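Chemist: Can you look at this prediction? I've put the sequence above it.
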Amino acid sequence: MNDASPLVPPNTVPADMYATLFDNLINGLAYCRAEYEGDTAVDFIYLLVNEAFCRQTGLPDVTGRRASEAIPGITQTDRALIERYGRVARGGAAERFEHYVEALKMWFSISVFSPAPDHFIAVFDVITERKNAELALRQSERRLARVIEGSDQGFWEWNLQTGEFSVSPRFETMLGYAPGEMKLDPANWPAYVDPDDLRLAHESIRRHTEGAIPAHEVELRMLTKSGAWHWVLTCGRVVERDAAGNPTMMSGTHTDIHQKKQAELALRQAAAVYENTQEGVLITDADGHIVSVNRAFTAMTGYTLDEVLGMTASILKSGRHDAVFFAAMWAEIAATGRWQGELWNRRKNGEIYPQLTSISAVRDGRGHVSRYVGVLTDISAIKASEERLEFLAHHDPLTNLPNRLTLFSRIERAMKVAKREGHSTALLMLDLDRFKDVNDSFGHLVGDSLLQRVAEGLRCRLREVDTLSRLGGDEFTILLEKLHRPDDASRVAEDILDTLRTPWTLPGGSQLRVSASIGIAHYPGSAVSPEELLQQADAAMYRAKREGRGRYHYFSQDLTHAARARLELESALRSAIENGELRAYFQPQIDIRSGHLVGAEALVRWHKNGDRVIAPDAFIPLAEETGLIVPLGEWMLREACHQASSWPARRGNPLGVAVNVAAAQIRRADFADMVLGILAGSGLPPERLELELTESSLQGEEDAGLAQLARLRDAGVRIAIDDFGTGYSSLAYLKRLPLDVLKIDRSFVEHVVNRRDDREIVTAIVQIGRTLGFKVIAEGVETQAQLDILDGLACDLYQGYLCSKPLPAEDFMAFAKHGTALGNRSPQ
Ligand SMILES: Nc1nc2c(ncn2[C@@H]2O[C@@H]3COP(=O)(O)O[C@H]4[C@@H](O)[C@H](n5cnc6c(=O)[nH]c(N)nc65)O[C@@H]4COP(=O)(O)O[C@H]3[C@H]2O)c(=O)[nH]1
């Protein structure tokens, strides 16, 4: 201690005590004199320092030294401090402040006062550590504030004891409020939080404060200022507890998760669509490896996700598309980002199916392809219905056989191939015999089923290369290609006829036999077009039918002409009935024994265009085939009865009239009624009418037809069998028929004079007639010799040119009156 010290204590206090106090002060102390330049202190001299000064500053004893010497650089780095000391030393008030002494790199808490002019005492404490701690705290606080700012989170703090709830500005701005606007406290939470979510939040807080969960964390819907619900994630934990461990303070954050929740929702919706859509979805990475498939994909392809994960879509390849196709597809995806088109793919079970495919490239934020998404629609059902429509355009829906359209194109192709390769081709036209009767008798359903079975039966008999088609109704065609010899076709035809002969069992169990007629046209032949070939087969088929059904016939050129003529004839005959061009002629029938006229046979004549007379042989068969025979026959019956009703009786005996009746007529259910109606209308007694039926027409007749005849016979009408001897009638069969008259066919009468066998047949017929109680009439008697023989055999009646040709009605009337024909008219 320096004796010159101005700090020398007053006398009342012992000096050594001051010295001890001075040296033992915890604070550093320095007694100094400031040095000035003008009024500004520029340095100072340490006059006295205590031990604490040395200890705290780390400086050696600086007593007597200038600060600029003791602490180098201080006058430059800490001028403000020196000036401050100087101001206090020159009468300034005592000051207390904290200062960082740059030259010492230390913080001091300094109290300075002036005990004498230009002198000052500085008492200080080194506070570097505290200052650094404070600084660090401030920095950390600033950092935290920046983090909070940067994190975009809202912060909250909740004093569980006072209920005070404070929030950061972001907490409120997140929901559209101004900072401080919400004035939150636990009591008004229900005003801001969805009730369900609030319940969850309370529960979470309770469990956390009880220690059941490490943190409180709940997603909340909070009301925004605009009145919308906004998703917020609240997280927090207890940050302070009292001595007893009770929580006193909680703090936490609010994070805006609204967009995330919306995105989640959108994602969930997309996932629901993805899983539930009917379209198969396949997602691959940028290298084409499958990363995901949906349920529809599995249903469509048969592959589960596990089976295809990591594989490429090439497992679906059907092999129907070549590398060029796929290269073009990928080129388009690369250029436009998508591709759409139809693909044939293969299911796991090997089945190949058509699929509408659309592939899109998905790009990441940088524009690189990260995924490819394929949406696959199975269009096999659509394709199938398209194909069905296409099929129906070319096929017959009943039998599924190719139709006329297809047949023509096949014939055309077959003709070309035949021409090029030197093969021969045949077209067979097949028509079921009496199919109409099947329809009429059993109904259309049975008819349809029969057609289907016939189609099936025919299909089984044919080769792959042959085309079976149905043209409509009961008409089928068979195109036989690559035949070696023309008669190969006839073998097929025979085979088919054979097949058809097997009885068909109807749905009800009964059996039905059908036969068919087949016409065959050949190529190369005279036909040059498919139409012509078909016409030829058609014409040949008619020939087959005419020749007795259940057989086949080849086409020839003559047949074509005949067919054309037939067509013309048919339409002319149709109008002939309507235009009244038909006439009834009558051929006298004579009692052989007495030579008396007993009646006449009515025979139709066609006065075509008024002049040319056409004989029935030229049109009756056609009328029978086409059904025209029914109106024709009815007209003849009406005309004959009408004429006969005005004929005079001969020698007291009324004259009878015989009218030809075709099988088609008696097959009609109203035949008997029709005949009886005509008789009643004309006034002709039934006994004077004789119906002539051919033996063959009667043979195939059903019971219903015979019953009609029996009914007419009961009414008095006589029934004659025409052309007797040309068929195969047994006596037993004849007995069953309601007959009155047997007519010996002209062919036997013609040679009865000089052919023994014919004479014997005629003899037999007469005897049969007599045995069964029928009258017997011979037709076509031209000579007296024939008549003599017939007379000798005791044949009852005759008609023929010997007596008279068929006569027009008025000529026959004259004949009936006078016994001869009118002189100026030649009998027909
Ligand atoms: N060579 C020769 N012929 C004789 C002689 N006497 C008669 N004739 C002919 O022999 C045919 C007898 O008729 P049909 O056997 O019933 O044979 C008939 C009959 O089956 C059918 N027909 C004629 N008119 C009708 C009709 O109105 N309805 C039906 N369904 N058939 C008819 O046409 C066939 C042919 O009739 P037509 O040409 O009138 O021929 C008639 C007649 O003109 C003769 O002495 N010598």
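Modeler: Cool, the structure landed. Numbering: from 1, shown residues only.

Chemist: same for the helix or strand containing residue 767, what does it pack against?
Modeler: According to DSSP states H and E, residue 767 maps onto helix 756-772. In this structure, helix 756-772 makes packing contacts with helix 731-736, strand 741-744, helix 746-750, strand 775-778, helix 784-792, judged by 3 or more C-beta pairs under 8 Å, 6 or more residues apart in numbering; DSSP states H and E. For the C-beta atoms, the positions are set from N, CA and C on the backbone; glycine is no exception.

Chemist: Which one of these has the poorest average confidence?
Modeler: Lowest mean pLDDT within the helices and strands packed on helix 756-772: helix 731-736, at a mean of 72.

Chemist: Can you pull the residues of this structure lying near the ligand?
Modeler: 587, 603-604, 615-617, 620, 633, 636, 660, 662, 692, 722, 746, 779-782, 799-801, 806 (C-beta under 6 Å from any ligand atom).

Chemist: Just the residues you listed: which are in strands?
Modeler: Using DSSP state E, the subset of those located in strands is 587, 603, 604, 660, 692, 722.

Chemist: what ranges of the stretch 351-500 of the chain fall below the confidence cut-off?
Modeler: 485-487 (pLDDT under 70).

Chemist: Check the stretch 501-650 of the chain too.
Modeler: Within the stretch 501-650 of the chain, the ranges that satisfy pLDDT under 70 run 507, 556-567.

Chemist: Please work out how many residues are found near residue 496.
Modeler: Using other C-beta atoms under 10 Å, residue 496 has 23 other residues around it.

Chemist: just checking, it touches residue 461?
Modeler: Yes. Residue 496 lies in contact with residue 461 (C-beta atoms under 8 Å); the separation is 6.0 Å.

Chemist: count of residues packed around whichever residue of the stretch 451-600 of the chain sits closest to the ligand?
Modeler: With C-beta to the nearest ligand atom, the shortest gap between the stretch 451-600 of the chain and the ligand falls at residue 587, namely 5.5 Å. When counting by other C-beta under 10 Å, one arrives at 23 neighbours for residue 587.

Chemist: Which residue, neighbours along the chain excluded, lies closest to residue 421?
Modeler: Residue nearest to residue 421 in three dimensions, not counting chain neighbours: residue 482, with 7.7 Å by C-beta to C-beta, 6 or more residues apart in numbering.

Chemist: before we move on, the earlier item: tell me the confidence at the nearest residue to the residue of the stretch 451-600 of the chain closest to the ligand once chain neighbours are set aside?
Modeler: Closest residue to residue 587 apart from its sequence neighbours, by C-beta to C-beta, 6+ apart: residue 806 at 4.1 Å. pLDDT recorded at residue 806 is 96.

Chemist: swap in the one 4 residues further on?
Modeler: In the predicted model, residue 810 carries a pLDDT score of 94.

Chemist: any idea whether it is helix, strand or coil?
Modeler: Look at residue 810: counting by DSSP: H, G, I helix; E, B strand; the rest coil, its state is helix.

Chemist: Please report the distance of it from residue 683.
Modeler: 19 Å (C-beta to C-beta, to the nearest Å).

Chemist: For the stretch 451-600 of the chain, which segments count as helices?
Modeler: 488-501, 530-546, 557-579 (DSSP state H, counting those that start in this stretch).

Chemist: out of those helices, nearest to residue 667?
Modeler: Nearest of the helices of the stretch 451-600 of the chain to residue 667, taken as C-beta to C-beta: helix 530-546 at 17.2 Å.

Chemist: just the angle between that closest one and helix 488-501, please?
Modeler: 50 degrees (axes from the mean of the first three to the mean of the last three C-alpha atoms, to 10 degrees).

Chemist: which helices and strands does helix 530-546 pack with?
Modeler: Short answer (3+ C-beta pairs under 8 Å, 6+ apart): helix 530-546 packs on helix 404-421, strand 424-432, strand 516-523, strand 552-554, helix 557-579, helix 620-626.

Chemist: Can you give the strand pairings for the second one, parallel or anti for each?
Modeler: Looking at strand 424-432 with DSSP bridges, its paired strands and their directions are strand 475-483 (antiparallel), strand 516-523 (antiparallel).

Chemist: Tell me which of those sits most buried.
Modeler: strand 516-523 (a mean of 26; mean count of other C-beta atoms under 10 Å).

Chemist: Give me the contact list for that strand.
Modeler: 414-415, 418, 424-433, 486, 489-490, 493, 496-497, 500, 527, 533-534, 536-545, 549-555 (C-beta atoms under 8 Å, 6 or more residues apart in numbering).

Chemist: In the stretch 251-400 of the chain, which residue sits nearest the ligand?
Modeler: Nearest residue of the stretch 251-400 of the chain to the ligand, counting by C-beta to the nearest ligand atom: residue 398, 35.1 Å away.

Chemist: Could you measure from that residue over to residue 392?
Modeler: Taking C-beta to C-beta, one finds residue 398 at 11 Å from residue 392.

Chemist: Residue 741 now?
Modeler: Taken as C-beta to C-beta, the span from residue 741 to residue 392 is 57 Å.

Chemist: Looking at the two, which one has more neighbours?
Modeler: More neighbours surround residue 741 than the other of residue 741 and residue 392, with 23 against 12 (other C-beta under 10 Å).

Chemist: what sits against that one?
Modeler: Contacts of residue 741 (C-beta under 8 Å, 6+ apart): 690, 718, 719, 720, 721, 774, 775, 776, 777.

Chemist: Closest one to the ligand out of the residues you listed, please.
Modeler: residue 720 (9.5 Å).

Chemist: isn't that closest one right next to residue 695, touching?
Modeler: No. Assessed by C-beta under 8 Å, residue 720 is found out of contact with residue 695, at 10.7 Å.

Chemist: what do the two both touch?
Modeler: By C-beta under 8 Å, 6+ apart, no residue touches both residue 720 and residue 695.

Chemist: Give me the average confidence score over whichever strand or helix holds residue 196.
Modeler: Assigning secondary structure by DSSP H and E places residue 196 in helix 195-209. Mean pLDDT, computed over helix 195-209, is 95.

Chemist: next helix or strand past it?
Modeler: Using DSSP H and E, the first helix or strand after helix 195-209 is strand 216-223.

Chemist: Buried residues in that following strand, which are they?
Modeler: 216, 217, 218, 220, 221, 222, 223 (16 or more other C-beta atoms under 10 Å).

Chemist: average pLDDT for it?
Modeler: Rounded mean pLDDT across strand 216-223 is 95.

Chemist: ok, residues contacting that strand?
Modeler: Applying C-beta under 8 Å, 6+ apart, the contact partners of strand 216-223 are 175, 191-194, 197-198, 200-201, 204-205, 207-208, 229-237, 250, 252, 257, 261.

Chemist: Right, I'll call it a day here.
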